[in-house]
Every structure is written in C-alpha cells, then in structure tokens.
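**Q** Structure of the sequence below:
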Amino acid sequence: MDASRMIVVGVDGTEDGARAVRFAVAEAQRRQGFLRLVHVQPQTFAGSTSPSMPLVPESTWHEVAAGVIKEAEQQAREAGYDDPHLEAMLATGPRTRVLVQLTEEAACLVLGVRTAPLEHLVAGSTTTSLAARAHAPVIAVPPTWDPTGQFDRVVVGTDTPEVTQVVAAAFDVARERRARLDVVHAWRPTSPYDAAIGSRVLADTWAAMVTTSLEQGIHESGVGYGVDWTVSAHYERALTALHQAGSAADLVVVGRHGHSAPHGFLLGSVARGLLRTSSSPVMVIPTSHRGE
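**A** You can find the predicted model right below:
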C-alpha cells in the first residue's frame with residue numbers, strides 16, 4: 001500500500017469521530033487515497049480498584065471496541081467511500097503513542113475536535129498531543145465544519161517573510177483541492193521598545209516589505225505553479241489574524257512550531273490556539289526545522 005495515499009482516521013464511537021470519518025472520505029476522494037479507520041481500545045488493568053476504571057470483563061471492552069469500528073466502517077460507506085479497500089484497525093495501548101506510530105506510514109491523520117466545550121478542554125489534549133508528535137500532517141475537524149459548504153479557499157500562516165516548508169506544503173494542498181491559497185503573515189510586537197511601529201506609516205511600510213518579499217519568493221521558487229494565490233501582511237497577533245482569515249476557508253494550514261515557540265515546546269502557541277478555537281478544519285504540518 002502506497003503510504004502517501006493512506007489517510008488514517010481516529011474513531012471513538014462519538015459524533016466527533018463520525019465527523020472525522022466524513023471529512024476523511026472527502027479527503028480520500030480528492031487524493032485518490034485509501035482509508036485506515038483506527039480505534040484504540042481503552043487500557044484495562046487487572047485488579048484495578050480505581051473508580052474511574054470499573055471492573056468490566058475484557059471481553060466486554062473488546063465487544064464495545066469492535067462495535068465502534070463496525071459503526072465507523074458503515075459511516076464511511078454512507079459518506080460515499082466506495083473503494084473496496086477499507087482498512088479497519090482495532091488497537092490497544094496508549095492512544096497517542098499508537099496513533100503516532102501509525103502516522104509513520106500515512107499521508108495524514110484526521111481527528112474530530114471535541115464537541116462539548118468542557119470535554120474539548122480536557123480530552124482535546126489528545127488532538128494537541130498528536131499534532132505535536134505525529135510524523136504526518138494532522139487535520140483537526142471542529143464541530144462547526146459544514147460538509148456541504150465549500151469556499152474553494154485555503155489559508156496558510158507563516159511567521160517569516162520567506163517561502164517555508166509549510167507554505168510549500170500549503171500550495172500542494174491548494175493544488176489538490178483546486179482552491180485559492182491565501183498566504184497570511186502576521187506580526188505584532190509585544191515589547192514597549194517596538195511600539196514605534198504602531199504608527200500607521202511604519203506599519204504600512206512593514207506590510208509592503210513583507211508582502212513583496214513573500215511574493216518574490218513564491219515566484220522564484222515556483223511553488224505557486226497552477227494555483228491562484230494572494231499574500232497579505234497583518235500588523236496583528238498571528239492567532240487573531242489566522243482565526244479571522246480562516247473563518248471562510250476550507251482549511252487553515254500552520255506549522256508545528258513558530259519562531260516564538262518557547263524552547264522545549266512541541267507545539268507552537270498559534271497551532272495550539274487554532275486547534276482550540278478555529279471554526280474551520282486545521283492542518284498542522286510537522287516541520288523538519290524549528291521555526292518553519
């Protein structure tokens with residue numbers, strides 16, 4: 001099986017998992033790819049007396065897990081996945097570790113963002129953890145995603161006025177989707193010594209320089225071939241700018257790290273913020289170099 005065409009989908013028997021399946025089916029049809037539906041059965045420990053882990057026979061846990069997988073297969077077929085190759089995998093072990101290992105041989109991993117706000121804050125850490133560690137891009141699909149809506153527009157955020165690995169990947173995504181790509185660079189100083197750029201004249205000058213640099217880099221690199229694209233520079237915090245730009249997009253693409261990410265953090269603050277707040281699906285690209 002060609003790993004570049006394998007789309008892994010994390011399913012858990014909830015509406016969030018079903019939403020991930022529907023998104024992944026559409027993604028597979030665009031890419032001419034294949035689906036691997038994965039459910040990681042909760043771990044049980046013999047003799048556990050923890051109230052959070054009831055004493056339930058192992059056979060019961062397995063029966064429930066098998067039902068989750070069967071339901072996910074049915075959801076994929078109902079969503080229009082008609083390829084005879086539909087892989088369904090029931091795994092055991094720590095969920096994050098299992099799914100991270102599976103991304104070693106995948107084009108991407110699709111997950112549903114938690115629906116309930118409280119559940120999202122607590123259990124949504126699984127999505128964040130996977131986005132921080134996966135070997136392939138992770139796509140997080142929020143409850144606000146509308147499968148019938150289509151903007152034909154992809155947004156990519158970059159924190160440098162250069163053509164990075166993330167920008168190049170976003171052009172590939174836009175090309176696959178036959179969509180327009182909006183390249184967004186945003187920056188707003190936090191130091192009081194940088195406040196001078198707050199004047200309109202200096203802010204406009206900065207925006208013009210950044211836009212010119214990005215446009216020139218895109219033309220020279222050739223990554224924009226066959227894609228309609230625009231570049232915009234915003235004197236604004238990156239999370240705010242991308243949240244606004246992505247509100248009318250089919251996908252928001254960001255890198256795993258940013259230049260401002262504290263040392264040791266596996267996921268930059270912008271990526272973490274978008275995973276929590278974006279109304280559009282977010283793709284987090286694993287980068288080979290910090291800052292891209």
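**Q** The lowest-mean-pLDDT helix or strand in the chain: what's the following helix or strand?
**A** None of the helices or strands of the chain scores lower by mean pLDDT, DSSP states H and E than helix 117-123, at a mean of 49. Per DSSP states H and E, the first helix or strand lying C-terminal to helix 117-123 is helix 125-133.
**Q** Same question for that following helix: list its buried residues.
**A** 126-133 (16 or more other CB atoms under 10 Å). Using the backbone N, CA and C atoms, a C-beta is placed for each residue, glycine as well.
**Q** One more: stretch 222-232?
**A** Quick answer for stretch 222-232 (16+ other CB under 10 Å): 223-224, 227, 229, 231-232.
**Q** now the end-to-end length of it.
**A** Stretch 222-232 has an end-to-end distance of 19 Å (CA to CA, to the nearest Å).
**Q** For that stretch, give me every contacting residue.
**A** Residues outside stretch 222-232 that contact it (CB atoms under 8 Å, 6 or more residues apart in numbering): 163, 167-168, 171, 174-175, 180-185, 211, 214-215, 218, 245.
**Q** Identify the spatial nearest neighbour of Gly33, chain neighbours not counted.
**A** Nearest non-adjacent residue to Gly33, counting by CB to CB, 6 or more residues apart in numbering: Arg5, 4.0 Å away.
**Q** Give me the distance between the one you found and Ala88.
**A** Using CB to CB, to the nearest Å, we find Arg5 at a distance of 17 Å from Ala88.
**Q** I'd say Gly93 and Pro42 touch.
**A** No. Look at Gly93 against Pro42 with CB atoms under 8 Å: they stay out of range, at 10.1 Å.
**Q** Arg5 and Ala88 - which one has more neighbours?
**A** Ala88 (18 against 13; other CB atoms under 10 Å).
**Q** Poorly predicted segments of the protein, please.
**A** Along the chain, segments meeting pLDDT under 70 span 1, 44-56, 116-124, 189-201, 258-265, 288-292.
**Q** tell me the domain ranges of it?
**A** Listed by automatic domain parsing, the domain ranges of the chain are 3-141, 153-285.
**Q** What is the end-to-end distance of the shortest one?
**A** Terminal residues of domain 153-285 are spaced 18 Å apart (CA to CA).
**Q** the strands in this structure, which residues?
**A** Assigned by DSSP state E, the strands in the chain fall at 6-10, 34-41, 86-92, 108-112, 138-141, 153-158, 180-186, 229-234, 251-255, 282-285.
**Q** quick check: angle from the fourth one to strand 6-10?
**A** To tie it back to what came earlier, the one meant is strand 108-112. Using axes from the mean of the first three to the mean of the last three CA atoms, to 10 degrees, the direction of strand 108-112 lies 20 degrees away from that of strand 6-10.
**Q** same deal with the longest one?
**A** Orientation of strand 34-41 against strand 6-10 (the same axes, to 10 degrees) gives an angle of 30 degrees.
**Q** Could you give me the buried positions within strand 34-41?
**A** Here strand 34-41 shows 34-41 as buried, counting by 16+ other CB under 10 Å.
**Q** I would like the residues contacting that strand, please.
**A** Taking contacts as CB under 8 Å, 6+ apart, the residues outside strand 34-41 that touch it are 1, 5-13, 21, 24-25, 28, 61-62, 65, 68-69, 72-73, 76, 81, 83, 85-95, 98-99, 102, 106.
**Q** ok, of these, which come out buried?
**A** Buried, going by 16+ other CB under 10 Å: 6-12, 21, 24-25, 28, 65, 68-69, 72-73, 76, 81, 86, 88, 95, 98-99, 102, 106, out of the contacts of strand 34-41.
**Q** Pretty sure Ala79 sits against Ala20.
**A** No. Here Ala79 does not reach Ala20: they are 10.8 Å apart, not a contact under CB under 8 Å.
**Q** More neighbours: which of the two?
**A** Neighbours per residue (other CB under 10 Å) separate Ala79 from Ala20, with Ala20 holding more: 28 against 19.
**Q** Surely the more buried one and Leu111 touch.
**A** Yes. Applying CB under 8 Å, one finds Ala20 in contact with Leu111, separated by 5.5 Å.
**Q** Which residues are in contact with each of the two?
**A** Taking CB under 8 Å, 6+ apart as the contact rule, Ala20 and Leu111 both touch 9-10, 141.
**Q** Name the member of these with the shortest distance to Val254.
**A** Nearest to Val254 among the shared contacts of Ala20 and Leu111: Val141, at 15.1 Å, using CB to CB.
**Q** Compute the distance between the closest one and Arg133, please.
**A** 19 Å.
**Q** Same question for Phe151.
**A** Phe151 sits 30 Å away from Arg133, going by CB to CB.
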